[in-house]
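In: sequence unknown, structure follows:
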């Protein structure tokens, strides 16, 4: 349980700063191309707690899946899980791209950065969470 | 791994996810989505991007099936539904983040959350039921 919490916190801290660096700094100009699709800066700040809760839920689910099925596999198992989950998320991103008029490069940048993010998250969780015995989801 | 059962469960998962998505997000939530028309592509533009919608669902269904086959090699509707629910929680987390950065209404957020939870839990159950019917010793 202690390692679960530590893995959760470490992965969460990474995701938070990665998300800020990527979306708040690197992709800022790309987002600015479609201002009608995004909330204003002040509106986003007033809803910032939803970003924190959303990221926490995402990381919690990741660690839960890892602890249920990949536990004991170490860093490589965590990375494998991260890649599998992110490719599924890329599928969701493609479906959203079909209905929302954001630029195609945002789909590409978001998918590449999401893959990097989930690989690192998987490595962090895999390195920290090492239970005594692995067990499959049941 | 029984690849025939894997393929059947993937096709079944894709069919369910796609039809559920069409009914839930496309029909049931159509009016709610229209409260913020600026967020969506016009009909003609959507039509020219439809292949992305289909391919995206294929990717989701394939990797959900792969996760179930890897995590729960013996299959089983209950165990795979649990995995589907955990995967859905990842999408729900993404929904909450999207709500903070895009001008979605609370009704849209709630609809997406319920949709994802139902969609992936049932898809997991469908995959698990088909995988279990193959062989208890699959790996």
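Out: Thanks, I have the structure now. From a predicted model like this one, the values you see are computed outputs, not experimental measurements.
In: ok, the strand or helix carrying residue B:54 near chain A or not?
Out: Using DSSP states H and E, residue B:54 maps to helix B:50-71. Yes. Counting by C-beta under 8 Å from any C-beta of the partner chain, contacts between helix B:50-71 and chain A involve B:50-53, B:55-64, B:66-67, B:70-71. Any C-beta I mention is one placed from the backbone N, CA and C, and that applies to glycine too.
In: which elements pack onto whatever helix or strand comes next after that helix?
Out: Moving toward the C-terminus from helix B:50-71, the next helix or strand (DSSP H and E) is helix B:77-101. Judged by 3 or more C-beta pairs under 8 Å, 6 or more residues apart in numbering or on different chains; DSSP states H and E, the packing partners of helix B:77-101 are helix A:48-65, helix A:74-99, helix B:50-71, helix B:106-132.
In: nearest to residue A:12, out of those?
Out: The closest of the helices and strands packed on helix B:77-101 to residue A:12 is helix A:48-65. By C-beta to C-beta, the value is 4.8 Å.
In: from the chain's centre, how far out does the closest one sit?
Out: Here helix A:48-65 is found 8 Å from its chain centre; the criterion is C-alpha atoms, centre = their mean, to the nearest Å.
In: against which helices or strands is that helix packed?
Out: Here helix A:48-65 touches helix A:2-19, helix A:74-99, helix A:104-128, helix B:77-101, going by 3+ C-beta pairs under 8 Å, 6+ apart.
In: buried ones in it, by neighbour count?
Out: By 16 or more other C-beta atoms under 10 Å in any protein chain shown, the buried positions in helix A:48-65 come out as A:50-51, A:54-65.
In: pull the residues that contact it.
Out: A:4, A:7-8, A:11-12, A:15-16, A:19, A:81-82, A:85, A:118, A:121-122, A:125, A:129, B:71, B:83, B:86-87, B:89-90, B:92-101 (C-beta atoms under 8 Å, 6 or more residues apart in numbering or on different chains).
In: buried ones among the residues of helix B:50-71 next to chain A?
Out: Buried among those (16+ other C-beta under 10 Å): B:52-53, B:56-64, B:66-67, B:70-71.
In: so what's residue B:87 up against?
Out: Residue B:87 sits next to A:61, A:65, A:85, A:88, B:64, B:67, B:120, B:124 when contact means C-beta under 8 Å, 6+ apart.
In: out of these, who's nearest residue B:31?
Out: The nearest one, if we look at these relative to residue B:31 and count by C-beta to C-beta, is residue B:120, at 24.0 Å.
In: check what pLDDT the closest one gets.
Out: Looking at residue B:120, its pLDDT reads 97.
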